[in-house]
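Asker: model this:
(5 chains)
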Amino acid sequence: MSTAELIADDPVWLVLVKVVGVFAFLVLMTLFMIVWERKVVGRMQQRPGPNRNGPGGWLQSLADGIKLAFKEEVRPVLADKWVYFIAPVIACVPAFTAFSVIPIGGQVSIFGEQTALQLVDLPVGVLVVLACSSIGVYGIVLGGWSSGSPYPLLGALRSAAQVISYEIAMGLSIIAVVMNSRSLSTADIVDAQTSGWFFYLLPVSFVIYVISMVGETNRAPFDLPEAESELVGGFHTEYSSFKFALFFLAEYINMVTVSALATTLFLGGWRFPFVDDDHFLNNGWLGLVWFVLKTLAFLFLFIWLRGTLPRLRYDQFMQLGWKVLVPIALVWFVAVAFARYVRTEIEAGTLGAPTVLAVFGAVLAAALLVAFLLPDNRERVDPDAVPVTGGGFPVPPLDLAVPKPPPRRQVRVAELPDGSPAGSNGSAAKEPAAATTAKKEASDGDA
Amino acid sequence: MTPTYYLLLSALLFSIGAVGVLVRRNAIVVFMCVELMLNAVNLTLVTFARVNGQLDGQVMAFFVMVVAAAEVVVGLAIIMAIFKSRRSASVDDSNLLKY
Amino acid sequence: MTTILAQVERLTVPEIDYGAVAPVLVILGAACVSVLLEAFLPKQSRWPAQVVLTVLALAGAAGALIVHGGAADTVDRGVVTFSGAIAVDPPVVFLWGTLLLLAVGSLLLIADRSVEPGGAFAPEPQAGGQGGGGGAVATRARAVASVMQTEVFPLTLFALGGMMVFVAANDLLTMFIALEVLSLPLYLLCGLGRRRRLLSQEAAVKYFLLGAFASAFFLYGVALLYGYSGSVKLVDIAAATAATDRSDTLLYAGFGLLVVGLLFKASVGPFHAWTPDVYQGAPTPVTAFMAACTKVAAFGGILRVLHVAFQGSSWEWNVVLAVLAGVSMVIGAVLGLTQTDVKRMIAYSSVAHAGFLLVGAIALTPEGLSATMFYLAAYGFTTIAAFGVVSLVRNADGEATHLSQWAGLAKRSPITAAVFTLLLLALAGIPFTSGFIGKFVVFAAAIDAGMAPLVVFALVVSAIAAFFYLRVIVLMYFSEPAADGPTVTVPGAFTTASITLGAVITLVLGVWPAFALDWAGSGQFIF
Amino acid sequence: MSWTLIAMLLLPLVGGLVVVLLRGDDRLAKLAALAFSLGELVLAGLAWAAYEPGGDRLQLTSSVEWIPNFGVHLSFGVDGIALVMIALIAFLVPVVIGGSWADKLPEGRTAGGFFALLLVMEAGMVGVFAATDVFLFYVFFEGVLVPMYFLIGRFGGANRQYAAMKFFLYSLLGGLVMLASVIGLYVTSAQTLGKGTFDWATLVTATREAPLSTQIWLFLGFFVAFAIKAPLVPLHTWLPDAGAEAPVGAGVLLVGVLDKIGTFGFLRYCLPLFPAASKELAPLVLVLAVVGIVYGSLLAVGQSDMKRFVAYTSIAHFGFIALGIFAFSSQAGAGSVLYMVNHGISTGMVFLVVGMVMARGGSRLIEDYGGMAKLTPVLAGLFFIAGLSSLALPGTSSFVSEFLVLIGSFPNEPVYTVIAALGMVLAALYILWLYQRIFQGPVRGTALIGATGGPGATTDPERASVPDLNKREIAVLAPMVALILVLGFYPKPVLDVITPSVGATLSEVGVADPVAQEGK
Amino acid sequence: MLQPYLPLVLMFALAAAFALFSATIAPYIGPRRYNRAKMDAYECGIEPSPQPVVGGGRMPIAYYLTAMLFILFDIEMVFLYPFAVSADRLGLFGLVEIALFVGTLGFAYAYVWRRGGLDWN
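Answerer: The predicted structure follows:
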């Protein structure tokens, strides 16, 4: 009985239980992650980290969360009201939804009902995760855009560019997994790894996935969207109170999700290594434990990276994504496809002209390599780079008579209430700065 | 779950897109309306594929998506170019070619 | 799930007749190589390399076409390949040949760097500078000095490839893809003008938005027809129209939307709104390419769709299309009268011609097919040469397209004026030019198909349309040249060759059309 | 396979090319043009000699396949009617070239271009008359517009652009309507014969079986084109403009030959191809013809512009020709054809002398002249002869033809004939009055006084600035006078050629000899 | 037919309800002590420079380029996934086709790369 069929029988109450369970799991993981991160990073920096609230300081993040909820909400006057309101929701909802397809355990019995520890098993499970992460980008972009402030806008753009760039590499790396498991269903992928985990069968895919999952979640060393030194707080600079918390939640849930997906795709999901399916270690509820452990390992990787690596410069970051990860992923994909074909043919004993195919593959790989690698060598000497990447802002030509925009398009300037500008300046600007710093402290445990 | 509803929805979306193209003045919004029309078509295709019990319609939807993407790329490039030149994306401002 | 997998299990490798589709493969392959040349060659050597590649590609495609077109099975019936998606039959061979020849003509114009120093296209953006600054002094100075953007070559080749697939597409999905493949590069090409950047870009935006709008209509039509017949293959749709138990609403709605999309591409009025703007704004070589090749491709598609898929239901719709043809002629002729810009005038003329072509296309007879194709070829060459001439008449700001600037041109440059006169007479349909024979064969087919009133109407309209061609002749020959009038640039070898090609074919098809008529009439669509 | 007609077609074309290449040297170009036109005249003589009156319906035939897809042939041949028209062209062109030898052309135009266009037009007109393939006929019919268009537009008077455009559009419109009929003819033949053809002789047998309604529609298509060309009354308005603005030489060819294509077309195409429709619609044509006669004459009386005057007289004359054709009698038919020839000569001559008057006075307005006979007696005399011929005085050639038309028409159409006879009276009025106004009485009018230096200064030595005809001009007019007189007294050679063809045409219509029937 | 998606929808609903609820109540449970400076856009403590209305602001073009590239590659993946699922059944034909597909994309990729489309300066 396949996982999908198991789950399909679920009565509604069981579905509701699972939904609430997953929801609670994610929220708990978030709360845990925040404290854990601060503690681990603290250790790495030879300081204790949070240790006051609750036993061992483990309730620190809960306290922070409650505090956030009761803070004053400030919405800038220039913000686009509705988009500003909906952006954190858009960021948050897909983050929860994406996790639904992750198999977190094997077949179990809940109140007598045989089911699998997975909310839903879809034939397109992996695509659901990718789709949700794509939709999540809207939350970021809209949040930055609607704030009506330059820093969030830039942060949002950076963030979006980053997420979509690394999504390509991530998607390409997953394809090899899909090819080996012949299914997009997450449960099927886990099942396909009973004979061997994909992280060593498909090492290149694994590495690319891990790198791009860090990029995808805007985490250090790829946390450019919120680079404090450049962009204050990034896309959520103008957010406060609960809305800020939602963004924050979304980010951490995304981390959990991509880690869980990594577990599913490459580490055999909830299965214990080296044992049969019937072994007691692969019992359904125990699978939950293995799954959480593996996921935590990935999460620890996130923290570890954050604690050790400096932030990349933006061009280095994009270069890594577009010029290294994507081409390698493409070549790897073709190579895997080729290898699988050859293997299938050999198994079937029908490989007619192996030499021809080998040559074909070699030529193809060589051509692709040339196509991808050659340009870089001459990059510096090429004088005619497309200038759009240069100045950044479009600059009108010197003598261009710009057509007068129609009246309703007239640019509205921030309308500040009248007052003596000089007098209000100092005190006025101080407060938001302080507020943001406070928010920042809440998020960065080691600040 | 009669397919009629899906067809009606897609026709509605298509009409919204078409009307949008005709009444909106911002090139990008017009363009988005076109995309809406294409996606309405996708819905139709998939519905018919379901009705006919075939895969063809779904495969076609893939192709339509590709085409839509290519259109996005080309369209944005053109709109950006004109935006760079005249700092406005309003179709109304493009009046050099009035009859 | 199981059904889907079952279908996949059944997958059989489609038979592909590489010989038959070789011309398309050559063109598309060359386009890809052309992209690589853009990527890897240093700036100075791109232009010559692209020209050589393009010439080789066209020659190769033509060679492949001749080899295949000469084969006995093509002449007799043709080949359906790519699991029925592509049909290479005698009409397609004719249209491919026409397209390739027309492409030679327009590519010569596109490649020319003598008329406008550096070519008619936007220069390479300079490092650190702003590329498309609209008419800035600095930009203009640079524009004169620098070489052109050689991306036009791959774009043109892609568009050409799309056109070739479009006329050969035997199912609507392939047709749609081909439609986009031919359109998207054209949108870009329109915006690449070196002179009058704003105008050029505006043309591109308009063309793009309206084009995308129209292709959405086309696509919705495809979807509805798919719902109607359960397939997008033309032959299946034809079979479905023969059956009686299907929803006619879907058929009519689908057909209507489909045809709107097609007519838009063919710039048949009232779907012509883009034509004058785009013709005027686009760089003239592109306009030539667009006017000639797109028309051929669009009508090639229309012919195939009407002949193959909707012949059975023709009595339902041919009155509608006949009315549209009439409307198109009237719009073209009447609005053409009021134009003051040569390019716009030719654009309206193309709208009128689209009406004439549609008359031939809805005569669903073998004669109508061959006549329409002949007309297409005739019109294409005339148009290319006409735009070639337009590109020669220049003043300090670039092309002098305002009609008043053409006054007394015969005195400044008798040969240019004479050639243009020939072309205008051909457009007007005066005997001894291809235009006359084209009109004749189309109208003969239409009368034969019982559309005599429409033909009489068309003839009256063509008399009206003749007025605005004559007006240009009057200006060139009978008016005194203005003191600060434009000069006629001495064209380089490329433009000369292109104009000569167009003019000679215009004349040859007018005097000795038999071979082309034979070729056009050598066979029927297969499916 | 006879090469005569083909040579006649090609010679002027080659001539046109040569002349255009020589246009740098005015004199050489003119000489070349004259030589080629005389060569054409010689060829016409050969053709005339080779033609056997009473022989085959079409003679001197030749045929080559042109567009096999549509059964189009390059086939040429003449019957008597076409032969005399071709001869008329061949005669008129050298005369016109001589007459235009010293024309003042608009600035920037060369005589070479003018003569080249004349020669090209000659070729086109020969083609029109010699074509025996309907498609080919149509091609020439339209093609001949182009050189005429340029002749008027480039070398014409002040309002030439308007006139050229009007001329072209009228003719083109007619031509396109005819094209519909040509195609219809083809389709009809395809339905009757199984394979479409454009061969005139075949079509004659094929279309008479067609139902009357089809015939009428096809007839109307042809008729409109020819009625515009000929010009019959409601469609005539282009002719006064074109005639007035055209340079004299082109004007002679325009009214002398080009317009005859219309009446020729009636005879060659309308009647034999659609006999039933012709008979059905004859009353319509006759009304138009008679209205044309009266209307043209009346307007001619009222004209103040000499060239428009000539154009309006032509409209009246074409009324006569059309009357003769659609009266369906052999006498009237032969008269009409003869009238076509004579009108070409006499009106051509009127045009030429008017041109000579204008060359001296520089004005087209009649009121600018007066008493010119005193200054230029020879011109006055020749003008008078031309005028008399135009009003069909007995003894001039026109008399014979007009008489034949009226005699032949009367038995069939007495009413129309009587009204038409009124036209003769009017003709006498307008011609003589014109002559009187220009040449009689004391010298007056701004054109002459301006030229002579003052009113009544007839004895002034400067009077020499209004010279009489020079040798060239006399040489140009002499053959015309001769022809007018010869044909006036001895029209038999021409009639011999014409009559059998007219008879054959009428028998194709199915009217054996109405005059004889009337006698029964 | 949509039965398998029900849990997904429920999850979505729960998350949406939670997020919407949180976002809605936020202004009401917190203190409200507004002042003018708080409502301004944040610009590091200096008086905010005049900004165009949201969305009308300038955006570096490189982002558009990235977005376009993303669209293209994302669409490419749309085709690669179905291929990947059924790669084994498609055999040599599928392999050649997908190699051609990737290769064609590679041409464009090389072009963009070579012409500096992937550079951020």
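
Asker: any bit of stretch A:262-270 sitting next to chain E?
Answerer: No - if you take C-beta under 8 Å from any C-beta of the partner chain as the test, stretch A:262-270 misses chain E, and the best it gets is 12.8 Å. In short, each C-beta sits where N, CA and C put it, glycine included.

Asker: list the buried residues for that stretch?
Answerer: Neighbour-count burial for stretch A:262-270 flags A:262-270 (criterion: 16 or more other C-beta atoms under 10 Å in any protein chain shown).

Asker: could you do stretch B:20-31 as well?
Answerer: B:20-21, B:24, B:26-31.

Asker: check stretch B:32-51 too.
Answerer: Quick answer for stretch B:32-51 (16+ other C-beta under 10 Å): B:32-49, B:51.

Asker: and for stretch C:249-257?
Answerer: Counting neighbours by 16+ other C-beta under 10 Å, the buried set in stretch C:249-257 is C:250-257.

Asker: ditto for stretch C:163-182
Answerer: For stretch C:163-182, by 16+ other C-beta under 10 Å, it's C:163-182.

Asker: quick one: that stretch near chain B?
Answerer: Yes - applying C-beta under 8 Å from any C-beta, one finds stretch C:163-182 in contact with chain B at C:173, C:176-177, C:180.

Asker: quick one: stretch A:313-328 near chain B?
Answerer: No - if you take C-beta under 8 Å from any C-beta as the test, stretch A:313-328 misses chain B, and the best it gets is 15.9 Å.

Asker: so what touches that stretch?
Answerer: A:158, A:161-162, A:165-166, A:168-169, A:172, A:204, A:208, A:211-212, A:215, A:222, A:224, A:312, A:368, A:372-373, A:376, E:66, E:69, E:73, E:109, E:113, E:118-121 (C-beta atoms under 8 Å, 6 or more residues apart in numbering or on different chains).

Asker: please look at residue D:63 and residue D:73 and confirm they touch.
Answerer: Yes - judged on C-beta atoms under 8 Å, residue D:63 makes contact with residue D:73 at a distance of 5.0 Å.

Asker: just give me the longest helix of chain B.
Answerer: Of all segments of type helix in chain B, defined using DSSP state H, the longest is helix B:56-86.

Asker: tell me the secondary structure for residue C:364?
Answerer: coil (DSSP: H, G, I helix; E, B strand; the rest coil).

Asker: compute the number of surrounding residues for it.
Answerer: Residue C:364 has 17 neighbouring residues, counting by other C-beta atoms under 10 Å in any protein chain shown.

Asker: re earlier: okay, the buried residues of stretch A:262-270 in CSV with secondary structure and distance to residue C:508 next?
Answerer: CSV is the format used below for these (DSSP: H, G, I helix; E, B strand; the rest coil; distance: C-beta to C-beta, whole Å):
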residue, secondary structure, distance to residue C:508
A:262, helix, 70
A:263, helix, 74
A:264, helix, 70
A:265, helix, 67
A:266, helix, 69
A:267, coil, 74
A:268, coil, 74
A:269, coil, 74
A:270, coil, 78
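
Asker: closest one to chain E out of those, please.
Answerer: If you rank the buried residues of stretch A:262-270 by distance to chain E using C-beta to the nearest C-beta, residue A:265 comes first, at 12.8 Å.

Asker: my guess is that closest one meets residue A:177, correct?
Answerer: Yes - using C-beta under 8 Å, residue A:265 is in contact with residue A:177, at 5.0 Å.

Asker: now do the shared contacts for those two.
Answerer: Any residue near both residue A:265 and residue A:177 by C-beta under 8 Å, 6+ apart counts here, and that gives A:189, A:198.

Asker: how about low-confidence regions in chain E?
Answerer: Counting by pLDDT under 70, chain E has low-confidence residues at E:1-2, E:36-62, E:121.

Asker: check chain B too.
Answerer: Those would be B:1, B:86-99, if you go by pLDDT under 70 across chain B.

Asker: 90 - rerun?
Answerer: B:1-6, B:21-32, B:50-60, B:62-63, B:65-99 (pLDDT under 90).

Asker: do the same with the stretch 51-200 of chain C
Answerer: C:64-91, C:93, C:110-152, C:170-171, C:190-200.

Asker: what ranges do the strands span in it?
Answerer: For the stretch 51-200 of chain C, the strands defined by DSSP state E, counting those that start in this stretch occupy C:79-81, C:86-88.

Asker: coming back round to it: go through the buried residues of stretch A:262-270 and say which is closest to residue D:321.
Answerer: Nearest to residue D:321 among those, counting by C-beta to C-beta, is residue A:265 at 97.8 Å.

Asker: return the residues in contact with the residue of the stretch 51-200 of chain A found nearest chain B.
Answerer: For the stretch 51-200 of chain A and chain B, the shortest gap (C-beta to the nearest C-beta) falls at residue A:124, measuring 12.1 Å. In this structure, residue A:124 makes contact with A:184-185, judged by C-beta under 8 Å, 6+ apart.

Asker: equivalent analysis for the one 4 residues further on, please.
Answerer: By C-beta under 8 Å, 6+ apart, the residues touching residue A:128 are A:97-98, A:100-101, A:122, E:8.

Asker: name the nearest of those residues relative to chain C.
Answerer: Nearest member of those to chain C, counting by C-beta to the nearest C-beta, is residue A:122, at 11.0 Å.

Asker: next one: the closest one from residue E:79, what distance?
Answerer: To residue E:79, residue A:122 is 20 Å away according to C-beta to C-beta, to the nearest Å.

Asker: for residue D:271, same thing?
Answerer: 72 Å.

Asker: quick one: which of the two has more around it?
Answerer: Ranked by neighbour count (other C-beta under 10 Å), residue D:271 and residue E:79 place residue D:271 first, with 26 against 18.

Asker: how far off centre is the helix or strand that contains that one?
Answerer: For residue D:271, the host element (DSSP states H and E) is helix D:271-273. Remark: helix D:271-273 is offset 21 Å from the chain centroid, using C-alpha atoms, centre = their mean, to the nearest Å.

Asker: tell me the first helix or strand C-terminal of that helix.
Answerer: helix D:275-302.

Asker: then the helix or strand following that next one to PDB, C-alphas only?
Answerer: Where DSSP H and E defines the elements, the next helix or strand beyond helix D:275-302 is helix D:306-326. C-alpha atoms of helix D:306-326 as PDB (Å, rounded to 0.1, in the frame of the first residue of the first chain):
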ATOM      1  CA  MET D 306      -9.700  75.900 -78.100                       C
ATOM      2  CA  LYS D 307      -8.500  72.600 -76.900                       C
ATOM      3  CA  ARG D 308     -11.500  71.900 -74.900                       C
ATOM      4  CA  PHE D 309     -13.400  72.800 -77.900                       C
ATOM      5  CA  VAL D 310     -11.800  70.100 -79.900                       C
ATOM      6  CA  ALA D 311     -12.400  67.700 -77.100                       C
ATOM      7  CA  TYR D 312     -16.100  68.400 -77.100                       C
ATOM      8  CA  THR D 313     -16.400  68.100 -80.900                       C
ATOM      9  CA  SER D 314     -14.900  64.700 -80.500                       C
ATOM     10  CA  ILE D 315     -17.500  63.700 -78.000                       C
ATOM     11  CA  ALA D 316     -20.100  64.600 -80.500                       C
ATOM     12  CA  HIS D 317     -18.300  62.700 -83.200                       C
ATOM     13  CA  PHE D 318     -18.000  59.700 -81.000                       C
ATOM     14  CA  GLY D 319     -21.700  59.800 -80.600                       C
ATOM     15  CA  PHE D 320     -22.000  59.400 -84.400                       C
ATOM     16  CA  ILE D 321     -19.700  56.500 -84.400                       C
ATOM     17  CA  ALA D 322     -21.500  54.700 -81.600                       C
ATOM     18  CA  LEU D 323     -24.800  55.400 -83.300                       C
ATOM     19  CA  GLY D 324     -23.500  53.700 -86.400                       C
ATOM     20  CA  ILE D 325     -22.200  50.700 -84.600                       C
ATOM     21  CA  PHE D 326     -25.300  50.000 -82.600                       C
END
